[in-house]
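Undergrad: got a sequence here, can you build the structure:
(2 chains)
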Amino acid sequence: MKYLKLDFPPYATGLEIAWFFAFRAICIAIFVFLVAPILVIIPLSFNKESFFSFTSGMLAFKPEAYSLKWYRDIFANGMLAPDAPLSLDWFKDSWMRSQWMIALKNSIFVGVSATAVATTLGTLASVGLSRPEMPYRGLITGILISPMIVPIVITAAGMFFFFSQIGLSQTYIGLVLAHALLGTPFVVITVTATLTSFDRSLMRAAANLGANPLTAFFKVQMPLILPGIISGGLFAFITSFDEVVVVLFLAEPDQRTIPRQMWSGLREQVSPTILAVATILILISLVLLMSLELTRRRMERLKMDAHS
Amino acid sequence: MHSTFDQKALTRQLAAAERRNKVKAFLLVLPLLLFVLASFIVPIASLVWQGGYSDTFANALPETSKLLGAWDARSPVSEDLVKSFVTELKASKLKDPAIPTRVATVVNREQSGSVSKFKQVMSASDLASPYKEKLSALSSEWDKPDIWRAMKIVAPSFTPRFYFQAVDLRLTAEGDIKPETDENAIHLLLFGRTLMVAALVTLFCALLGFPIAYLLAHAETKTSNMLLIIVLLPFWTSLLVRTTAWIALLQQNGVVNDFLVAIGLIDNDHRLVMMYNMFATLVAMTHVLLPFMILPMFSVMKTIKANLVRAALSLGATPWTAFWQVYFPQTIPGLGAGCLLVFILAVGYYITPALVGGQSGQLISNIIAFHMQKTLNWSLASAIATLLLIGVLLLYWLYNRLVGIDKMKLA
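TA: Coordinates of the predicted model:
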């Protein structure tokens, strides 16, 4: 907050002072543009009416204008007996039949499996790519990153043709493989970036002390590049957790994920339940962002320790 | 003598060791490379193949397909051709009752009204020699060359016609290339619109991203870390959530319109139409892609030394000259990387235009999805997709040349 102290040097002209304020006003406006749309969703999700806008009651902060019914609807929509009293049976019913719960289970299953595949293959490849002896590095990196660049509709259409031929369309395996593919570029980028600051003489030291390459990797290299692997894995997971086009093209209705459910919610039956789901997702991404920031700080501390 | 021998052996051993290391490094990359090949490169190749290949007609009516190929598309059709058409079409129903309809749909794309003509043939029970007269008794349309010409166009399995269609050209039965009729000529329009939207979104992102990147790069570390989180929050938030947010904000009864009415800027009866059109597509896409512009610019600006600008100022440059002549040229690598990245991503955008774009805000990806899911004209979808792919790969190559793909960083 130091820059608000406003101790302008004596030679600052009026125009410069005006620009100082104008520039900050512009920046604040852009930050509002970035964040306000996301934050607006949160209060709207507590709307009692089924509108996507603020009612006059909400603006007057009347408690009766707010409600949690859209959050209840996340659990209740699709249940056999949504009006039954809250009990273990109610939650069981919700867990088994609620549309959003089914979507959540699919999203987590596909996301976690895809992340596991993407992170394993991606880390292995990054270790190879960052070795100085690696042949054709530029070309191979280009190929490995390309799933991130090719428009998702093209990728999804190609997968639809090919996976239908080999019997993988409308299967969980097909979906997991497709999402893993979309996640690998993020793992490769983050892990190779971390590996550029990895001191390779540590591996030679480990080998010198009698460690075989596998031990050296798991005991020396992996702990040091773990922050990179974790953030790459996180990227892979949110890529899968946020993916809708491949699911649209490849999955059958029972395999719908959270974004797929939101997609049909936005196109067919617009209800504020989506806002409630969106609010929960925003909170999740906040938590993810915080954990990423913490790993980054940890990494910086490690670097500082290494240099001192 | 002995020492030379040793040297040679040593060189050989060194070369062998280096080769082994190369192979080892490559073996580490191999699993992912094979995975990407199998689940990405091969599917993309099958898409490109599909764009020039459509065997619905030739599979169902192989003999007819051959005879149509030999026909010159002008002279009256031969009795042999008609006979083979009728018998093969009838026979195809026995294999799978859906085939005749599928064939009719394919022909119908070239000549509308063909589906009902095919139905007549399928429901007529007394078709026998002479087939030609029997058919013309069903409908005079069978006497005209049009439907046969349409069949001649769709008969070959390998055909460039989908690629022509993707750029609003038609292949005629004689093999000539003609411009598409006006009501069907929409692909070039959509390609043009996609390029325009991508260019505009890139421009908006550059204009909005530059000040933010500057602020982040030159604020104190603590402040800039906090502000970076604000930039990253939308980046980490689900795309569908952000799109939902824009629907809530921009629709007729949305937050922005309510606000403008409340402060009296617009009349309640004249609420602005900001949703389901081009405007919504532009705003939402700019919002979604802005972080991709800010992050590369930020990482470049962080490395620019402040004392260069100070030196320019002390040498008598006005603040504007110092910025424009000294500071701005150094930001070009970041600006270029950001612009290229945003442009590449914008050209292939699908979800946001599909949800907020309405009619006027649809882009080329949306028409690909439309042909994939609604008209089921997969070959046309593939042909359009292939053209888009070529464009994106050219841009990707350019990005790699100018920025270097290994320089791509994610905050």
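
Undergrad: show me the contacts for A:Met203.
TA: For A:Met203, the contact set (Cβ atoms under 8 Å, 6 or more residues apart in numbering or on different chains) comprises A:216, A:220-221. (C-beta placed from N, C-alpha, C; glycine too.)

Undergrad: which helix or strand contains it?
TA: Assigned by DSSP states H and E, A:Met203 belongs to helix A:201-208.

Undergrad: what's near enough to touch the residue in chain B positioned nearest to chain A?
TA: Here chain B gets closest to chain A at one residue, B:Gly348, 2.3 Å apart by Cβ to the nearest Cβ. By Cβ under 8 Å, 6+ apart, the residues touching B:Gly348 are A:150-154, B:365, B:388, B:392.

Undergrad: next one: phi and psi at A:Ser45?
TA: Backbone geometry at A:Ser45, expressed as degrees, to the nearest 10, gives phi -70, psi -10.

Undergrad: oh sorry, the question was meant for B:Lys178
TA: Dihedral angles (degrees, to the nearest 10) for B:Lys178: phi -120, psi 150.

Undergrad: next: B:Tyr53.
TA: phi -140, psi 130.

Undergrad: the residue of chain B closest to chain A and B:Ile294, how far apart?
TA: As defined by Cβ to Cβ, to the nearest Å, B:Gly348 lies at a distance of 20 Å from B:Ile294.

Undergrad: and for B:Arg401?
TA: The gap separating B:Arg401 from B:Ile294 is 23 Å, by Cβ to Cβ.

Undergrad: so between the two, which is more surrounded?
TA: With neighbours defined as other Cβ atoms under 10 Å in any protein chain shown, B:Arg401 and B:Ile294 compare such that B:Ile294 has more, 29 against 9.

Undergrad: grab the nearest non-local neighbour of B:Asn377.
TA: Leaving aside its sequence neighbours, B:Asn377 sits nearest to B:His371 (Cβ to Cβ, 6 or more residues apart in numbering or on different chains; 4.7 Å).

Undergrad: just the CA trace of the helix or strand encompassing that neighbour, in PDB.
TA: Using DSSP H and E, B:His371 falls within helix B:364-373. The C-alpha coordinates for helix B:364-373 follow below in PDB (Å, rounded to 0.1, in the frame of the first residue of the first chain):
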ATOM      1  CA  ILE B 364     -16.100 -21.900 -37.300                       C
ATOM      2  CA  SER B 365     -15.800 -24.500 -34.500                       C
ATOM      3  CA  ASN B 366     -19.500 -24.300 -33.900                       C
ATOM      4  CA  ILE B 367     -20.300 -25.200 -37.500                       C
ATOM      5  CA  ILE B 368     -17.900 -28.200 -37.200                       C
ATOM      6  CA  ALA B 369     -19.800 -29.300 -34.100                       C
ATOM      7  CA  PHE B 370     -23.100 -28.600 -35.800                       C
ATOM      8  CA  HIS B 371     -22.200 -30.900 -38.700                       C
ATOM      9  CA  MET B 372     -20.800 -33.600 -36.300                       C
ATOM     10  CA  GLN B 373     -23.900 -33.700 -34.100                       C
END
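
Undergrad: could you list every helix and strand in contact with the helix or strand just after that helix?
TA: Using DSSP H and E, the helix or strand that follows helix B:364-373 in sequence is helix B:378-402. Applying 3 or more Cβ pairs under 8 Å, 6 or more residues apart in numbering or on different chains; DSSP states H and E, we find helix B:378-402 packed against helix A:137-149, helix A:152-165, helix B:42-51, helix B:161-166, helix B:328-347, helix B:364-373.

Undergrad: tell me which of those helices sits most buried.
TA: Greatest average neighbour count among these goes to helix A:152-165 (a mean of 24), per mean count of other Cβ atoms under 10 Å in any protein chain shown.

Undergrad: report the longest helix in the chain, please.
TA: Looking at chain A here, since you left the chain open. Longest helix in chain A, counting residues (DSSP state H): helix A:273-307.

Undergrad: look at chain B instead
TA: Looking across chain B with DSSP H, the single longest helix is helix B:2-36.
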